[in-house]
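>>> model this:
(chains A and B)
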Amino acid sequence: MIENLVIVESPAKAKTIEKFLGKDFRVISSFGHIRDLAKKNLGIDIKNDFAPDYEIPKEKAKVVSDLRKYASESKNIWIASDEDREGEAIAWHLAGVLKLDLETTKRIVFHEITKEAITDAIKNPRQVDMNLVNSQQARRILDRLVGFEISPVLWKKVQPALSAGRVQSVAVRLIVEREREIISFKTESSFRVTAVFRIDEKDGNSSIIKAEASKRFRDADEAQKFLELCNGAKYEIKAVTVKPGTRSPAPPFTTSTLQQEAYRKLGFSVAQTMAVAQKLYEAGKITYMRTDSTNLSKMALAKSREVIISGFGEKYSKTRQFKTKSKGAQEAHEAIRPTYIDNSTITGAQNEKKLYELIWKRTVASQMSEAEVEKTTISIEMNNSPVTFSATGEVIKFDGFLRVYSESTDQDNSDEEKYIIPPVKNGMLLYYNYVTASQKFTAPLPRYTEASLVKKLEELGIGRPSTYAPTISTIQNRGYVLREDRPGEKRQIRILALEKGRISASSKTEMTGKEKSKLFPQNIGMIVNDFLMENFSDIVDYHFTAEVEEQFDQIAMGKLKWTKMLHGFYGPFHKTIENTLEKKNRQTGVRILGDHPETGEQVSVRMGRFGPVAQIGSQDNGNKPRFASLTKNLLLETITLEEAIGLFRLPRSLGKHEGEDMVVGIGKFGPYIRHNNKFYSLHKGVDDPYTVTLERALEIIKEKTENEQKKTIKDFGDILVLNGRYGPYITREKQNYRLPKGTDAEKLTKDDCINIIEKSNKSRK
DNA sequence: CAGTGAGCGAGCTTCCGCTTGACTT
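Just a heads-up that it's a prediction; the model follows:
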């Protein structure tokens, strides 16, 4: 018999706590929720006041049987799940599953994992808070109703296996709407004038001031006229202002800000950040990584202070506690910080090291002094124009927290190079070295990255730290959005330059629309979004979550009955479901583009069974229409008649080779050549499927055949030893087998291979 | 793994939030 059993949510947490509590306590973990709504069917008896049908998921059976065993061996049970809505529900489910009396079950909570906090918690147990539990049940059931009633409507009206939900559908909406803003954006250009001025000092030295004109010019003519004025102008400094200012450090990391900074500074995807953070957490190197709180424990504050003072001096220390700003934050945990702040770095895998150091810097910087800066603005007037030039410069007087860390922004404009403004006075005369007018184009708002989407969702109070990464995966898995790079296009910019009394014109090429790791909506995502907007505008409304959260709060405070809230929601919602099922047609995103200029047949595009498709002609008078798949990156919404007709130029025959047809086309994986039922990819950036010749095709085939032969180390007929990406391996009947370490692939016999295959098959079973 | 585009239709797909492994490549 054990005296005390403490149940927490996370096994890593259990391990740490057990050390604090001594031998009278055993600490185990529930691995999160242990019960959920039934997987099959709805799992809710709507007619019976939304009675939930809870079951223990298969993958939780072992955890639950362990929990039962330990519970039966313990005198006192303490439930220490997190102090938030989900944690309270976990406590309640635990009590139910372990058959504990709610009146006497000891519920404890702590916000930081320190001996003090835990022993304190043990001294102050309370009961399970049923109002909080009920607010969780309302949340859970509402999400199930939304997801499991709308998704089947999509299967019927759009395509099978699609999904909709309170969180994912808003995420898709954000991306679709941003894309449409970009599509309809009208680029404008203007000329920005910058100048490099010279101050001639008495001692014969001269210094330089870079400044920008207060006005932008509509076109090259206006810019030219202004440069002509500049040539004859006298320049005088009319005002010099020096303003002191401060900059403050950012708060310590939450899940969302960690994902954003790890993307910006380290290039990690949201899922990658979480995987690396999980490793650090399990190794005891950082605190819990799924949190919405910016709080640091007293111990962490004190330790940071120590580290800062000994590393940088007293002047650099400023202890702060940040208030959590994000909507709907539940603050069950601390901010993400190093467990031992003394360690500014760790040993281990590269990615773990990098992320750890980022977390260390952010944590320590948050406890450091403001940086003190001095911002200088100089105004320069011309004697022949009302346009003024201004120069600004910033000098850091005291670096403070910047010594350790500075936050990145999504738009890093590094072209604004910093330089130090020389000391100047009012009335000083300036002379130009160069005045340059360069064309600038306006740009639409940028597409979302995974991390900037998480930021936006957090701002809207949609989703939780534990679901940001899975949500991003879901919308990609459903095919609603795709994360990819785009090469961008070249654009000419015009430049007029005034130097030594002469104005010259030139042009420069720059890249525009280049994208790296951005989220692009796909056709099916746009169709689903439009369908949801049309029929379920309440659910995809950006405020929907905030509104239901308010009601969940009311339930948690005991001011609203949870079943009443659900009745209020479900009545109108279910009516909309039935109405939509009855009245709406299948959505295909069809667009009639016009008539074929040669045959007069109708040309249209729509979502077909196998994806977006263009169609020439129609079914009606016994004619067979012709079809062609839309190639990647073409949107049903924006494709033109010409582009659609162009799709029918493929597949195209190149003629015969060795008696077999040689055909070129574009498939799922890009342009290909098909010959003898074998496929050969065209080379990216080199070959164009519309113009590639028979001769070139033969070269490509020859090259690939030679490469395949190089790949083969041994050929035993049905068994092959091949050279793969990860080194040599054996393949038989489409199954691959790894070689045991230290095997020399060149010396393998057929019998060796069979041995390896049989051994591997045994261990797989 | 790349081609398809009409139909017949069984049985399946799906949510959000809490937690980690168990797998293959």
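
>>> Close to DNA strand B: what parts of the stretch 451-600 of chain A are there?
Residues of the stretch 451-600 of chain A lying near DNA strand B by C-beta under 7 Å from any atom of the strand: A:462-467, A:470-471, A:474, A:478. C-beta: built from backbone N, CA, C; applies to glycine.

>>> repeat for the stretch 301-450 of chain A
Residues of the stretch 301-450 of chain A lying near DNA strand B (C-beta under 7 Å from any atom of the strand): A:Q330.

>>> and the residue of the stretch 151-300 of chain A nearest DNA strand B?
Relative to DNA strand B, the nearest point of the stretch 151-300 of chain A is A:G165 (1.8 Å; C-beta to the nearest atom of the strand).

>>> In three-state terms, label the closest residue to that residue other than its chain neighbours for me.
Leaving aside its chain neighbours, A:G165 sits nearest to A:G147 (4.5 Å; criterion: C-beta to C-beta, 6 or more residues apart in numbering). At A:G147 the chain is in helix, as set by DSSP: H, G, I helix; E, B strand; the rest coil.

>>> what number of residues lie near A:G147?
As a burial measure, A:G147 scores 17 neighbours (other C-beta atoms under 10 Å).

>>> One more: the one 10 residues further on?
One way to gauge burial is a neighbour count; for A:K157, by other C-beta under 10 Å, it gives 18.

>>> Show the contacting residues for it.
A:K157 is in contact with A:531, A:580-581, A:584-587, counting by C-beta atoms under 8 Å, 6 or more residues apart in numbering.

>>> now A:A505
Taking C-beta under 8 Å, 6+ apart as the test, what A:A505 contacts is A:220, A:494-497.

>>> Contacts only, for A:Q127.
With the criterion set at C-beta under 8 Å, 6+ apart, A:Q127 makes contact with A:102-103, A:105, A:107.

>>> rerun that using 10 Å as the cut-off
By C-beta atoms under 10 Å, 6 or more residues apart in numbering, the residues touching A:Q127 are A:91, A:95, A:102-107.

>>> of the residues of the stretch 451-600 of chain A next to DNA strand B, buried ones?
Using 16 or more other C-beta atoms under 10 Å as the burial test, these include A:462-465, A:467, A:471, A:474, A:478 as buried.

>>> Looking at these, which two lie furthest apart in space?
A:P465 and A:R478 (22.0 Å; C-beta to C-beta).

>>> Where does pLDDT dip in chain A?
Across chain A, the ranges flagged by pLDDT under 70 are A:411-418, A:621, A:725-726, A:734, A:761-765.

>>> centroid residue for it?
Nearest to the mean C-alpha position of chain A, counting by C-alpha atoms, centre = their mean, stands A:E450 at 1.3 Å.

>>> returning to what we had before: now do the phi/psi pair for the residue of the stretch 151-300 of chain A closest to DNA strand B.
Main-chain dihedrals, A:G165, degrees, to the nearest 10: phi -170, psi 160.

>>> dump the residue contacts of the closest residue to DNA strand B within the stretch 651-765 of chain A.
Of the residues in the stretch 651-765 of chain A, the one nearest DNA strand B is A:G667, at a distance of 3.1 Å by C-beta to the nearest atom of the strand. Neighbouring residues of A:G667 by C-beta under 10 Å, 6+ apart: A:629, A:631, A:650-651, A:674, A:679, A:681.

>>> do the same with A:E394
Per C-beta under 10 Å, 6+ apart, neighbours of A:E394: A:243, A:245, A:247, A:373-377, A:418, A:420-421.

>>> so what's it bridging to?
Beta-bridge pairing for A:E394 (DSSP bridges): A:K375.

>>> burial of A:G96, as a residue count?
14.

>>> Secondary structure of it: a helix, I assume?
Yes: remark: A:G96 belongs to a helix, assigned using three-state DSSP.

>>> circling back to that earlier point, just the buried subset of the contacts of A:G667, please.
Among these, those classed as buried by 16+ other C-beta under 10 Å are A:629, A:631, A:650, A:674.

>>> near DNA strand B too, which of those?
Answer for those near DNA strand B (C-beta under 7 Å from any atom of the strand): A:S629.

>>> Just the ones of the buried ones among the contacts of A:G667 in strands?
Assignment to strands by DSSP state E places the following of the buried ones among the contacts of A:G667 there: A:629, A:674.

>>> Which pair of the buried ones among the contacts of A:G667 spans the longest distance?
A:T631 and A:R674 (16.6 Å).

>>> with the contacts of A:A505 in mind, which one is nearest to DNA strand B?
Nearest to DNA strand B out of those is A:R494 (C-beta to the nearest atom of the strand; 42.2 Å).

>>> Wait, that closest one touches A:A220, no?
Yes: under the contact definition of C-beta atoms under 10 Å, A:R494 touches A:A220, with a separation of 5.9 Å.

>>> and for the two, which residues touch both?
Shared contacts of A:R494 and A:A220 (C-beta under 10 Å, 6+ apart): A:189, A:191, A:437, A:439, A:505.

>>> can I get these in JSON lines with secondary structure?
Output for those, formatted as JSON lines (three-state DSSP):
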{"residue": "A:S189", "secondary structure": "strand"}
{"residue": "A:F191", "secondary structure": "strand"}
{"residue": "A:A437", "secondary structure": "strand"}
{"residue": "A:Q439", "secondary structure": "strand"}
{"residue": "A:A505", "secondary structure": "strand"}
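
>>> now those: which count as buried?
Among these, the ones that count as buried by 16+ other C-beta under 10 Å are A:189, A:191, A:437, A:439.

>>> and those residues, which two are the farthest apart?
Farthest apart among those by C-beta to C-beta are A:S189 and A:A437. That separation is 11.7 Å.

>>> Determine the residues that are contacts of both of these two.
Both A:S189 and A:A437 are contacted by A:216, A:220, A:494, under the criterion C-beta under 10 Å, 6+ apart.

>>> Output the residues you listed in a markdown table; the columns should cover distance to A:A161, secondary structure and neighbour count.
Converted to a markdown table, the shared contacts of A:S189 and A:A437 look like this (distance: C-beta to C-beta, whole Å; DSSP: H, G, I helix; E, B strand; the rest coil; neighbours: other C-beta atoms under 10 Å):
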| residue | distance to A:A161 | secondary structure | neighbour count |
| --- | --- | --- | --- |
| A:R216 | 51 | coil | 15 |
| A:A220 | 55 | helix | 16 |
| A:R494 | 51 | strand | 16 |
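
>>> and those residues as JSON lines, adding distance to A:N723?
JSON lines is the format used below for these (distance: C-beta to C-beta, whole Å):
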{"residue": "A:R216", "distance to A:N723": "59"}
{"residue": "A:A220", "distance to A:N723": "59"}
{"residue": "A:R494", "distance to A:N723": "53"}
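
>>> Tell me the one among those nearest to A:K361.
A:R216 (38.7 Å).

>>> tell me which element the closest residue to DNA strand B within the stretch 351-500 of chain A is part of?
Taking C-beta to the nearest atom of the strand as the measure, the stretch 351-500 of chain A has A:R464 as its residue closest to DNA strand B, at 2.9 Å. Using DSSP states H and E, A:R464 falls within no helix or strand.

>>> Check which helix or strand the residue nearest to it when sequence neighbours are not counted maps to.
In space, and not counting its chain neighbours, A:R464 is closest to A:D292: 7.4 Å by C-beta to C-beta, 6+ apart. Using DSSP H and E, A:D292 sits in no helix or strand.
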